[in-house]
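J.: Starting from these lines, generate the structure:
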Amino acid sequence: MEAQTLDWTENGVAQSAAWLSARGRPAPRQVVVADDTFTADAAFRLTSQGTAILWRGDYHNARQLLQALGRRIDKREAKKAAAPADGTGAIFHAYRQTQAQRANILSLLLLPLEGQRVPLARAPDVSLPLRDVFGELDGEAVLPLRDLLALISAYEWRKNGVEVPALEGLASRRIHPHFGVFPPTRQEYIELLATAPLPAAIVSNSIAFDIGTGTGVLAAVLASKGVGRIIATDSETRAIACARENISRLGIADRVEVLETEFFPAGRAVLVVCNPPWLPAKAGSSLEASVYDPDSRMLQGFLAGLREHLLPGGEGWLILSDIAERLGLRTREQLLAMIFDAGLQVLGRLDIAPSHGRAKDPDDPLHAARAGEITSIWRLAAA
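T.: Numbers count the residues shown, from 1 in each chain. The predicted structure is shown next:
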């Protein structure tokens, strides 16, 4: 994204600073300056109207104000009412609209930066999380507090890693996600891959592709299952760096090659694995691209190119939840039509039920769909 500046007036003097947004948001046009004397009600009125607040008070008071804004948003939404009556698709779209509005408001509480430092009372040292995403920063800048908190959280994930029990026999069982790369915190799909029998042809030609590798976790699972050579691809630079770091940590760099390309590498493999984003909807920010696949672009791209990249006796494993079907965003018939139109056949399917917390949360607006969700490996081959 092109570099932007944030402009505002403070004490009657025009000010300007670099604008930073980890979520790819444009700089707000209206800005007021506030400190610890500012009330949450006043902040809510302004941010609800699209006016940003540049905070000059205590850092911890800014965090408390952000929480207060969240409570006011929730209270307002609770008053609005009943869920749409015309099906799960309408419920999903209403839910997304509510989430987008919430994000818009919360992203309007801004913090100043001086280089890698937040120049506010009681502000923590955030130089490492900032450097991890934005590199070296010089001069003055402004970013949303909500983004900074996300950077801090992501940095802790990257530092500590996520335990993945399926990574048996490797140098570690931890995957270290980078900011903006989907972390393997929900592991049904990993368990599915770890327990799925490999194609018989893998014995004579032990090569596999992992399309859209992200953190590299599925490539690592394939290595732990004994696949001799794996080529993992992704189109996102952040994901490539993340996958390469994880592959190196796990001690399998001699067997796993990570390439930056949109879909397939050159050549053919006996096993081609892909776990595309599960929901065919537009991503609201750059961070949502791991969840939302507009017009099923990645799904269709994988299916369209799979046949020509399979060795004789090879299989393509499409790892996909049926949540899109349960939300009315795609039908089973449409999915099967995509498969058959690509010259593929379904050899079988392996299923697993959800085990994550949201599937058991009756207060989640999408609880009905999440509770019944099934994640599957669709075993595909050339027709």
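
J.: switch to C-alpha atoms for all contacts and neighbour counts from now on
T.: Fine.

J.: My reading is that residue 17 lies in a strand. Confirm?
T.: Yes: when classified by DSSP: H, G, I helix; E, B strand; the rest coil, residue 17 is found to be part of a strand.

J.: What does the pLDDT read for it?
T.: Model confidence at residue 17, given as pLDDT, is 97.

J.: How about the one 5 residues further on?
T.: Looking at residue 22, its pLDDT stands at 89.

J.: Can you pull out the residues in contact with the longest helix seen in the chain?
T.: With DSSP state H applied, the helix covering the greatest number of residues in the chain is identified as helix 59-80. Under the criterion C-alpha atoms under 8 Å, 6 or more residues apart in numbering, residues 36, 40, 43-44, 55, 98, 102, 106, 109, 120-123, 145-146 lie in contact with helix 59-80.

J.: Looking at these, spot the one nearest residue 236.
T.: Nearest to residue 236 among these, counting by C-alpha to C-alpha, is residue 146 at 23.3 Å.

J.: Find the helix or strand that that closest one is a member of.
T.: Assignment of secondary structure by DSSP states H and E places residue 146 within helix 145-160.

J.: Mind giving me the packing neighbours of that helix?
T.: Taking 3 or more C-alpha pairs under 8 Å, 6 or more residues apart in numbering; DSSP states H and E as the contact definition, the neighbouring helices and strands of helix 145-160 are helix 59-80, strand 109-114, helix 127-134.

J.: Any chance of TSV for these, columns mean pLDDT and mean neighbour count?
T.: Compiled in TSV, the helices and strands packed on helix 145-160 are given as follows (pLDDT from 0 to 100; neighbours: other C-alpha atoms under 10 Å):
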stretch	mean pLDDT	mean neighbour count
helix 59-80	91	15
strand 109-114	98	21
helix 127-134	94	16
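
J.: what pairs with the host helix or strand of residue 311, and is each one parallel or antiparallel?
T.: In this structure, residue 311 sits in strand 310-321 according to DSSP H and E. The strands beside strand 310-321 in its sheet (DSSP bridges) come out as strand 269-274 (parallel), strand 375-382 (antiparallel).

J.: Buried subset of the contacts of helix 59-80 as a PyMOL selection?
T.: Applying 16 or more other C-alpha atoms under 10 Å to the contacts of helix 59-80 leaves a buried subset, and the PyMOL line that selects it is:
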select buried, resi 40+43+44+55+102+106+109+120+145+146
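
J.: which one of the contacts of helix 59-80 is nearest residue 196?
T.: Where the contacts of helix 59-80 are concerned, and distances follow C-alpha to C-alpha, residue 196 has its nearest neighbour in residue 98, at 38.6 Å.

J.: Helix or strand for the closest one, just tell me which one.
T.: Counting by DSSP H and E, the secondary-structure element that holds residue 98 is helix 88-106.

J.: Show me what the following helix or strand past the helix holding residue 146 is packed up against.
T.: Secondary structure here is assigned by DSSP H and E; on that basis, the next helix or strand after helix 145-160 toward the C-terminus is strand 162-163. The criterion is 3+ C-alpha pairs under 8 Å, 6+ apart, and the helices and strands that strand 162-163 contacts are strand 174-175.

J.: Show me which positions of the helix or strand that comes right after the strand it packs on end up buried.
T.: On the C-terminal side of strand 174-175, the closest following helix or strand by DSSP H and E is helix 188-195. Residues of helix 188-195 classed as buried: 188-194 (neighbour count, 16+ other C-alpha under 10 Å).

J.: re earlier: can I get the helices and strands packed on helix 145-160 in TSV including distance to residue 253?
T.: Output for the helices and strands packed on helix 145-160, formatted as TSV (distance: least, C-alpha to C-alpha, whole Å):
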stretch	distance to residue 253
helix 59-80	42
strand 109-114	38
helix 127-134	23
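
J.: Nearest to residue 304, out of these?
T.: In terms of C-alpha to C-alpha, the element of the helices and strands packed on helix 145-160 nearest to residue 304 is helix 127-134, at 34.0 Å.
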